[in-house]
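here is the input, now give the coordinates:
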Amino acid sequence: MPQFKMPTPITRPTSAFYWLRKKVPKDLRDLVGKTEVWASLGTKDPRQAAIKIGALNAEIEADWARLRAEPRRGPVRAKPAARKPHVLTHQDLHALRAEEHARIREHWSLDPPTGFARARLAAADDEALRLDAWDLLQGAGYDATSENVERLVPLLVRARKEAARDVEHARLGEYEKVADLSKVPPRTTPVLDFIDAFEDYACNGGLKGGRFGPTAKRWRPVIRAFCDFVGHRDLTRMKTTDAYRWINSLRKRYPQKSIKDVWIAAIKATAGYFVEQTRLDVNPFAGIKVRKDDPSATKENKVEPRTPPRKGFNEDEARIILTATLATPSHLTSPEMKAARRWLPWLCAYSGARVNEVTSLHPHDITEHADGIRCMVIKPSLEKTEQWRVVPIHTHILEQPGGFLEYVEQRRKLGKPLFYDPDRSRGGKPGNPQFKKVAERIGEWVHGLGIPKGVKPNHAWRHLFKSVARHVKMDREVEAFITGHRAKDANAGIEYGDPWVKTMFNEIERYPRFEIEALGRSPVAHKRRRRTNAEVAAAKVANEERKAARAN
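This is a model prediction of the structure:
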């Protein structure tokens, strides 16, 4: 049997129960993370406390024995903090004093103690005060160093004495003499930090793509901008009027839809999550309306309506891009980028798929259906895709020279994705995976072909597919299965039945083929055009400007 010293039940001034206090052995302090352990015995009876303390002490000793028995795994590393601890200021010290004062006063004012219990209310030993100071600092997000603890202990002594005096005033009915704590300024640290709260929501709140997804990337700067506008980061202090003042300031720069769907949606959803987690009593941003401008405004103040922007490629632009896919690229271009230029526009054009759904494909995602139909299996990623879907590949792609299926087999043997090489990764952030970078470079390449900047170089294929599908009267439900869209006004019947591949294949084959003259010609060797002296000088100036921008 292991030999260990039996501790004695002790009491704490802030608790009516008996406690166990046990020092942690020096060889286990790094693993346990503290120098002593406090545990409540859950009883006010000294006899029951003496019985319970033996079993609880044995459990603690058993846990410590298991820690000693574990094999050594190298130096123990502390868990990374979610954020850097706040700096403890003079104002914070007195704010914590006021919080402790209010906590003790509220606890005892309803049933004020008398006699010896009243005398104990203001009394406390040094160890109990240090423990309370440590708990307060940790809970408020400060660094609980010995220096900060020693700074806070005298103020806790003061808080106890003043709280005991207020309790006595309450017992005598002298409520006018109770201290007014509203004059003490609040602490500089937030009770619920809105910026840190958003990171918690992005990780655990079911946000699409998590903390590295596109929604989190778009909302994160919105949360920071709102905190900067309000002037603090404490979500518990934010009000509905703050949001409406913010809306009025945003109207000068952003349209109503962006304010509603991005700026207000971000703060409303984050606050709503913490109401669900019972860490916030009320969502101050629930029910906020972003109304349109006053319709009774005069004609002079009204903005003239503009022609809606074009979303998809026209026939000439599609022909230019698809013709460029057949050009011979430079020998300096990687095999994956060559394949991306060659096949990505065609796959997007004949499927209406999002570009990142295609750039993330692996060889095993190109399958053959039971009817002999070649398909792409599109899986959920960080994008809007929420469910798997199978999309047949148009036969025009499979019949083209260059061999798309042959290229897929090459990548299958190499065990690598179709359009990027993980070995070339530079260790970017999870929110910017390699397949997204491929899509960005393809977009730059498309704009380099003379496509207008106002048209999205990759997503325009999706809009073009929808436009052509309407023109050829493609079945609406089948077209939704192909593109992964569900019409907002569609009834529940669209969810019945299965999306048959042969049915989707028949509709995709109705999509007219792009007639590209270069498909009938043999490939031409790549010719590198030499830059003029003026172009070289301009590129040098641009490079120096980029270096200066990075330095700043």
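
so what touches stretch 251-259?
With C-beta atoms under 8 Å, 6 or more residues apart in numbering as the test, stretch 251-259 has contacts from 247, 250, 263, 290-293. Where you see a C-beta, it was placed from the backbone N, CA and C, and this is true even at glycine.

buried ones in the host helix or strand of residue 243?
Taking DSSP states H and E as the criterion, residue 243 maps to helix 240-250. In terms of neighbour count (16 or more other C-beta atoms under 10 Å), helix 240-250 has its buried residues at 242-243, 246-247, 250.

what do you get for stretch 205-221?
Under 16+ other C-beta under 10 Å, the buried positions of stretch 205-221 are 205, 207, 209-211, 213, 215-217, 219-220.

next, the distance between the ends of that stretch.
From its first residue to its last, stretch 205-221 covers 18 Å (C-alpha to C-alpha, to the nearest Å).

what pLDDT, on average, does it get?
Averaging pLDDT along stretch 205-221 yields 82.

stretch 97-110 too?
83.

alpha carbons only: can I get that stretch in CSV?
Output of stretch 97-110 as CSV, limited to C-alpha atoms (Å, rounded to 0.1, in the frame of the first residue of the first chain):
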residue,chain,number,x,y,z
ARG,A,97,-12.3,44.8,-6.7
ALA,A,98,-15.8,46.1,-7.5
GLU,A,99,-16.8,42.8,-9.0
GLU,A,100,-15.7,40.9,-5.9
HIS,A,101,-17.5,43.5,-3.7
ALA,A,102,-20.7,43.1,-5.7
ARG,A,103,-20.5,39.3,-5.7
ILE,A,104,-20.1,39.0,-1.9
ARG,A,105,-22.8,41.6,-1.3
GLU,A,106,-25.4,40.1,-3.6
HIS,A,107,-24.7,36.6,-2.1
TRP,A,108,-25.3,37.7,1.5
SER,A,109,-27.7,40.7,1.3
LEU,A,110,-30.8,38.6,0.9
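
now find how far off-centre it is within its chain.
Averaging C-alpha positions (C-alpha atoms, centre = their mean, to the nearest Å) puts stretch 97-110 37 Å from its chain's average.

again with stretch 223-238
Distance, centroid of stretch 223-238 to centroid of chain: 18 Å (C-alpha atoms, centre = their mean).

do stretch 542-549 as well
Worked out by C-alpha atoms, centre = their mean, stretch 542-549 lies 32 Å from the chain centre.

quick one: low-confidence parts of this structure?
1-5, 13-14, 30-33, 66-85, 114-125, 293-308, 381-387, 427-431, 486-495, 522-529 (pLDDT under 70).

excluding chain neighbours, give the residue nearest to the residue nearest the centre of it in space.
Centroid check for the chain by C-alpha atoms, centre = their mean gives residue 211 as the closest residue, at 2.3 Å. Closest residue in space to residue 211, ignoring its immediate chain neighbours: residue 202 at 3.9 Å, by C-beta to C-beta, 6 or more residues apart in numbering.

now residue 171
residue 112 (3.6 Å).

quick one: that neighbour is in a strand?
No - counting by DSSP: H, G, I helix; E, B strand; the rest coil, residue 112 falls outside a strand, being coil.

so it sits against residue 167, correct?
Yes - if you go by C-beta atoms under 8 Å, residue 112 and residue 167 touch, sitting 5.1 Å apart.

with neighbour numbers in mind, choose between those two.
Each of residue 112 and residue 167 has its neighbours counted (other C-beta atoms under 10 Å); residue 167 has more, 24 against 17.

surely that one touches residue 106?
No - using C-beta under 8 Å, residue 167 makes no contact with residue 106, being 9.9 Å away.

so residue 38, which of the three states?
Assignment for residue 38 (three-state DSSP): strand.

look up how far residue 201 lies from it.
33 Å (C-beta to C-beta, to the nearest Å).

and those two? Which one has more around it.
More crowded of residue 38 and residue 201, by other C-beta under 10 Å: residue 201, with 23 against 15.

that's a helix at the more buried one, yeah?
Yes - looking at residue 201 with three-state DSSP, it is inside a helix.

could you pull out the helices for the stretch 251-400 of the chain?
256-258, 265-276, 315-324, 335-349, 355-359, 395-398 (DSSP state H, counting those that start in this stretch).

so of these, which one's packed in deepest?
helix 355-359 (a mean of 26; mean count of other C-beta atoms under 10 Å).

so what secondary structure elements neighbour that helix?
helix 335-349, strand 374-378, helix 434-447 (3 or more C-beta pairs under 8 Å, 6 or more residues apart in numbering; DSSP states H and E).

and the next element down the chain from the last one?
Later in the chain than helix 434-447, the nearest helix or strand by DSSP H and E is helix 460-471.

residues touching the closest residue to residue 232 other than its chain neighbours, list them.
Residue nearest to residue 232 in three dimensions, not counting chain neighbours: residue 190, with 6.6 Å by C-beta to C-beta, 6+ apart. Residues in contact with residue 190 (C-beta under 8 Å, 6+ apart) are 232-237.

recalculate using a threshold of 7 Å.
232-235 (C-beta atoms under 7 Å, 6 or more residues apart in numbering).

and it, how far is that from residue 365?
Where residue 365 is concerned, residue 190 sits at a distance of 46 Å (C-beta to C-beta).

you'd agree residue 153 is up against residue 133?
Yes - Residue 153 is within contact range of residue 133, at 5.3 Å (criterion: C-beta atoms under 7 Å).

those two - which one has more neighbours?
Applying other C-beta under 10 Å to residue 153 and residue 133 shows that residue 133 carries more neighbours, namely 22 against 17.

where do the strands of this structure begin and end?
10-11, 18-23, 36-40, 366-368, 374-378, 389-392 (DSSP state E).

let me have these in TSV, extended by distance to residue 53.
Converted to TSV, these look like this (distance: least, C-beta to C-beta, whole Å):
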stretch	distance to residue 53
strand 10-11	10
strand 18-23	5
strand 36-40	9
strand 366-368	66
strand 374-378	62
strand 389-392	62
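
so of those strands, which one's packed in deepest?
It is strand 389-392: most buried of the strands of the chain by mean count of other C-beta under 10 Å, with a mean of 22.

list the helices and strands that strand packs on?
strand 374-378, helix 501-509 (3 or more C-beta pairs under 7 Å, 6 or more residues apart in numbering; DSSP states H and E).

how close does residue 18 sit to residue 12?
For residue 18 relative to residue 12 (C-beta to C-beta), the value is 9 Å.

next: residue 192.
In terms of C-beta to C-beta, residue 192 sits 28 Å off from residue 12.

with residue 130 instead?
In terms of C-beta to C-beta, residue 130 sits 12 Å off from residue 12.

same question for residue 107.
13 Å.

for residue 109, same thing?
Residue 109 is 20 Å from residue 12, by C-beta to C-beta.

next: residue 89.
28 Å.

which one's more surrounded, the two?
With neighbours defined as other C-beta under 10 Å, residue 89 and residue 12 compare such that residue 12 has more, 18 against 13.

that older thread, now a PyMOL select for only the buried ones of the contacts of stretch 251-259.
In PyMOL, this line selects whichever of the contacts of stretch 251-259 come out buried by 16+ other C-beta under 10 Å:
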select buried, resi 247+250+263+290
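
and the furthest pair within the contacts of stretch 251-259?
For the contacts of stretch 251-259, with distances taken as C-beta to C-beta, the pair at the greatest spread is 263 and 293 (16.5 Å).
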